[in-house]
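Visitor: Give me a 3D structure for the following:
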Amino acid sequence: MKFELYTKDNAPKESRPLMEDSLKVFGFVPNLHGVMAEVPGMLSTYKDLHNAFQATSFDAEELTVVWQTINVEHECHYCTPAHTGIAHMMKVDTAIIDALVNKTEMPTKKLQALHETTLALVRNRGHLSDSELAAFFEAGHEKRNLLEIILGLSQKVMSNYVNHLAETPVDEPFLPYV
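Guide: All right, here's what the predicted structure looks like:
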């Protein structure tokens, strides 16, 4: 099954302003947005989730931990290299980026707890044990952070699943991270 990879010029009319916005933000239209443009509401919702997740209490390192934990767990061929490149642009420590992609220990207890909790939420479909919750809070996280992870997970489910179905080609700027 082949999905259309829309551009700002041939996208459905309702998606064109969203594609223009992507061009302004990234300097190009990410291929993921080109696929999602088929359903304007999907692209709009995805972008809204992205913006909402970036506006959470998480810093760049924590955003990256949530995004990449999910991308790697979902084996997303597109989002893993894309968020590796984005993490570099956000000046995230290379040790964190490498640990996420290579599935090794995070450099701090707090980031490790965030990683483990995100992974547990993905694997257990939102269920956490009392011991998992205790470890998360003992590492310095707050109750609101659990909801923020779910916000990031919502965004990543959309992108990861679309990329699996569409076999979205990785954008040129992110090819070095494949």
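Visitor: Select the longest helix from this protein.
Guide: Ranked by residue count and defined by DSSP state H, the top helix of the chain is helix 143-166.
Visitor: what is the rounded mean pLDDT of that helix?
Guide: Across helix 143-166, the average pLDDT comes to 98.
Visitor: which parts of that helix are buried?
Guide: Of the residues in helix 143-166, 145-146, 148-149, 151-153, 155-156, 158-160, 162-163, 166 count as buried by neighbour count, 16 or more other CB atoms under 10 Å. Backbone N, C-alpha and C define where each C-beta goes, glycine included.
Visitor: tilt between the helix or strand residue 65 falls within and helix 143-166?
Guide: Counting by DSSP states H and E, the element that carries residue 65 is helix 60-73. Counting by axes from the mean of the first three to the mean of the last three CA atoms, to 10 degrees, helix 60-73 lies at 40 degrees to helix 143-166.
Visitor: what's the average pLDDT for helix 60-73?
Guide: 98.
Visitor: next one: stretch 76-95
Guide: 97.
Visitor: which strands and helices sit next to the helix or strand following the helix holding residue 65?
Guide: Next helix or strand after helix 60-73 toward the C-terminus (DSSP H and E): helix 79-89. Helices and strands touching helix 79-89, by 3 or more CB pairs under 8 Å, 6 or more residues apart in numbering; DSSP states H and E, are helix 60-73, helix 94-102, helix 143-166.
Visitor: Which among the ones you listed is found nearest to residue 40?
Guide: Residue 40 lies closest to helix 143-166 among those, at 13.8 Å (CB to CB).
Visitor: ok, residues contacting that closest one?
Guide: 1, 3, 32, 35-36, 42, 45-46, 49-50, 52-53, 56-58, 63, 66-67, 70-71, 74, 76-79, 114, 117-118, 121-122, 126, 128, 136, 168 (CB atoms under 8 Å, 6 or more residues apart in numbering).
Visitor: got the contact list for residue 1?
Guide: Neighbouring residues of residue 1 by CB under 8 Å, 6+ apart: residue 165.
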